[in-house]
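Asks: Sequence and computational prediction follow.
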Amino acid sequence: MDEAYLDVSENKTALPTATQVARTIRDQVRNELHLTASAGVAPNQFLAKIASDWKKPDGLFVIQPDDVDSFLSPLAVGRLPGVGKVTEEKLKGFQVQTVADLRALDLAILERRFGRYGVRLYELARGIDESEVIPDRPTKSVSAEDTFEHDVPLAEVEPTIRRLAELTWAASRKELRVARTVVLKLKTSEFKILTRSHTPYAPPSSCEELTNIALSLRERVDLGSNQRFRLVGVGLSNFRDPEDACAQPALFE
C-alpha cells in the first residue's frame with residue numbers, strides 16, 4: 001500500500017489541526033522507517049489527492065477551504081481525477097484547458113457530452129466531492145512489483161517474478177477472502193504498461209501454483225527479443241468469499 005486517505009474531522013489524537021496530524025504522521029514514518037512521505041490536507045478526498053502530489057516526494061501541502069476556488073481555477077483539467085487523455089482531448093474541443101474553463105460550461109452541456117461523468121466534472125470543477133473515507137473497504141487486489149536498475153529482456157525476469165510471487169502470496173494469506181485471478185504486470189523501456197491475467201477454475205492454493213501461473217503469463221507477452229523491460233509486478237485480484245471462490249470462471253477474459 002503506497003497511499004491512503006485519513007478522515008480527521010473527528011480527531012482522536014488531541015492534535016489541534018489536520019495539518020498537525022499530517023505533519024506528525026510524516027515525522028513518524030521518517031523516524032521509524034527512514035522513508036519520506038508526502039501528505040495533502042484538504043476539505044475532501046479529491047483535493048487531498050491533488051495536494052498530496054503537489055510537493056512529492058517529501059512534502060506537505062494544505063488547501064484551506066477558502067482557497068479551493070483560487071487553487072483549482074488555473075489547474076489543467078488533466079489534473080482532475082478520471083480526466084485521462086481521451087476526456088482531455090474532448091474537453092479541448094470545447095476550448096476547455098483549465099478548470100476555470102470547465103467551470104464556465106453548463107451542467108446540461110456536460111451531461112449531454114459525457115453522461116453521468118459530466119455531473120462529476122461539473123462538481124469537481126467547483127471543488128465538490130462527497131466521497132466518504134471507508135476504513136474497512138474489502139481488498140480488491142494485492143500485489144508486489146519491482147523496478148530494475150537497468151532495463152532487461154523478458155528472458156531475465158523469471159527470478160524477479162518468483163520473488164514477487166512469494167511476497168504477493170504472503171500478503172494474500174492475511175486476507176479472509178480468496179483471490180481468483182493472477183495478474184502479471186510489465187512496464188517496457190518506453191514506459192508502456194502491459195498486463196496479462198488468468199482466472200483458473202480453482203483459486204491458486206499455494207505459492208508454487210501462483211508462481212507457475214505468473215510465469216506462464218510471461219509467455220503471453222510477445223514483443224520480440226529486443227524489447228527491454230524496466231518493471232515487473234505480480235498480483236492477485238478478484239477476491240471472493242471462500243464459499244464463492246470456486247465458482248466457474250467466465251469463459252472469456
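Replies: Nice, thanks for sending it over.
Asks: In the stretch 151-253 of the chain, mark out all the strands, start to finish.
Replies: Taking DSSP state E, counting those that start in this stretch as the criterion, the stretch 151-253 of the chain carries its strands at 178-188, 193-198, 228-240.
Asks: could you say what helices and strands the last one packs with?
Replies: Packing partners of strand 228-240 (3 or more Cβ pairs under 8 Å, 6 or more residues apart in numbering; DSSP states H and E): strand 141-153, helix 158-172, strand 178-188, helix 207-218. The way it works is simple: take the backbone N, C-alpha and C, and place the C-beta from them, glycine included.
Asks: gap between that strand and the chain center?
Replies: Here strand 228-240 shows a centroid-to-chain-centroid distance of 13 Å under the convention Cα atoms, centre = their mean, to the nearest Å.
Asks: I'd like the helices and strands packed on strand 228-240 as CSV, with mean pLDDT and distance to Lys12 appended.
Replies: Putting the helices and strands packed on strand 228-240 into CSV (pLDDT from 0 to 100; distance: least, Cβ to Cβ, whole Å) gives the following:
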stretch, mean pLDDT, distance to Lys12
strand 141-153, 93, 28
helix 158-172, 95, 28
strand 178-188, 94, 33
helix 207-218, 96, 39
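Asks: Comparing those, which comes out most buried?
Replies: Highest mean neighbour count among these (mean count of other Cβ atoms under 10 Å): strand 178-188, with a mean of 22.
Asks: That one to strand 141-153, inter-axis angle?
Replies: Calculated by axes from the mean of the first three to the mean of the last three Cα atoms, to 10 degrees, strand 178-188 forms an angle of 30 degrees with strand 141-153.
Asks: got the CA positions of strand 178-188 in PDB?
Replies: These are the backbone C-alpha positions of strand 178-188, laid out as PDB (Å, rounded to 0.1, in the frame of the first residue of the first chain):
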ATOM      1  CA  VAL A 178      -9.800 -15.700  -1.600                       C
ATOM      2  CA  ALA A 179      -8.300 -14.300  -4.800                       C
ATOM      3  CA  ARG A 180      -9.400 -15.800  -8.100                       C
ATOM      4  CA  THR A 181      -7.200 -14.100 -10.600                       C
ATOM      5  CA  VAL A 182      -3.500 -13.900 -11.100                       C
ATOM      6  CA  VAL A 183      -2.100 -10.800 -12.800                       C
ATOM      7  CA  LEU A 184       1.400 -10.200 -14.400                       C
ATOM      8  CA  LYS A 185       2.300  -6.500 -14.900                       C
ATOM      9  CA  LEU A 186       5.200  -5.400 -17.100                       C
ATOM     10  CA  LYS A 187       6.400  -1.900 -18.000                       C
ATOM     11  CA  THR A 188       8.500  -1.500 -21.100                       C
END
